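>>> the amino acid sequence is not available; the structure is as follows:
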């Protein structure tokens, strides 16, 4: 009953509840209790799983099924999980509300497979991810992303993704945004405890074929943080936000209260040249940044562009708005 009450408070209408516990936790009391509670249902459907991939396989498309992830140990994926089904709700059982280091953690190590681009690729419609952290610890050259959002109407809340290994590979990103009408709040991308020694981004905005959309449009995010550290040699090409090309966006795309943190108080850390790296002639869509602030960079954007706009509540807009400075 506790599971049902928790889920109903988040998603009033839902289908089956599927629970994932890490197999390394078999001796814990919580594991034993959940396994006993979540027995096979009267129709013979399994409701208790030891891998995220198995739970996703069992989830029914368009049924608003809920996959609950235990918040104790990491949930390992041995290959990129493509979430192509619709209306599946992934919820971490760690109490919720965390901005960073959520207990329910999806983890991908080194696979050696070029197609394992990230721990998860979302291509379905109206899926949900709450109270979850995703970590890509692969050093495989093609495995460049902490997460790939290429769905339609996906919702993220108290969510984090990070690329924590292979940061010497050019153009890695903690989150690749390619979806249609993605919404979310309280999001964190990256860690300042690991340093990019080659070009890296917090958020890569770039269209991707094969999902809900091949162009980013009608993004609606609020309270977003990028947390990173850039080494000397990568400071001029790295950025909190990278807009790949003039075809990356359509329509309005909004991020309210963006915070970019580049950790430089270390002998190996370097101030980035720009917070945003973008083409100069974006005309198909807009990225609208409301009340953003930037720490650890000297400029806001490398190319003046009508497609990237900034506004601060109650004050006149400033092309260099939001840059941090030392107190005096």
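Sure thing, it's come through. Keep in mind that this is a model prediction, so the values were computed, not measured. Numbering: from 1, shown residues only.
>>> list the contacts of residue 84.
If a contact means Cβ atoms under 8 Å, 6 or more residues apart in numbering, then residue 84 has 123, 124 as its contacts. For glycine as for every other residue, the C-beta is placed from the backbone atoms N, C-alpha and C.
>>> got a pLDDT number for it?
Note on residue 84: pLDDT of 97.
>>> distance-wise, check it relative to residue 73.
Relative to residue 73, residue 84 is positioned 26 Å away (Cβ to Cβ, to the nearest Å).
>>> kindly report the same for residue 325.
Per Cβ to Cβ, residue 325 is found 42 Å from residue 73.
>>> those helices in the chain, which residues are they?
2-10, 29-37, 52-58 (DSSP state H).
>>> helices or strands up against the shortest one?
Applying 3 or more Cβ pairs under 8 Å, 6 or more residues apart in numbering; DSSP states H and E, we find helix 52-58 packed against strand 17-20, strand 66-70, strand 81-83.
>>> tell me what residue 228 is bridged to.
Under DSSP bridges, the beta-bridge partners of residue 228 are residue 262.
>>> go ahead and confirm it touches residue 199.
No: with contact defined as Cβ atoms under 8 Å, residue 228 does not count as touching residue 199 (11.8 Å).
>>> return the set of buried residues in stretch 302-313.
Within stretch 302-313, the residues that count as buried by 16 or more other Cβ atoms under 10 Å are 302, 305, 307, 308, 310.
>>> now do the same contact list for the second one.
Each residue near residue 305 by Cβ under 8 Å, 6+ apart is listed here: 278, 279, 280, 281, 282.
>>> quick one, strands of the stretch 151-300 of the chain?
155-163, 172-177, 183-189, 200-205, 216-217, 220-228, 239-243, 249-262, 272-277, 285-290, 293-295, 297-301 (DSSP state E, counting those that start in this stretch).
>>> of all the ones you listed, which one comes closest to residue 80?
strand 172-177 (12.0 Å; Cβ to Cβ).
>>> so for that closest one, what gets flagged as buried?
Result for strand 172-177 [16+ other Cβ under 10 Å]: buried residues 172, 173, 174, 175, 176, 177.
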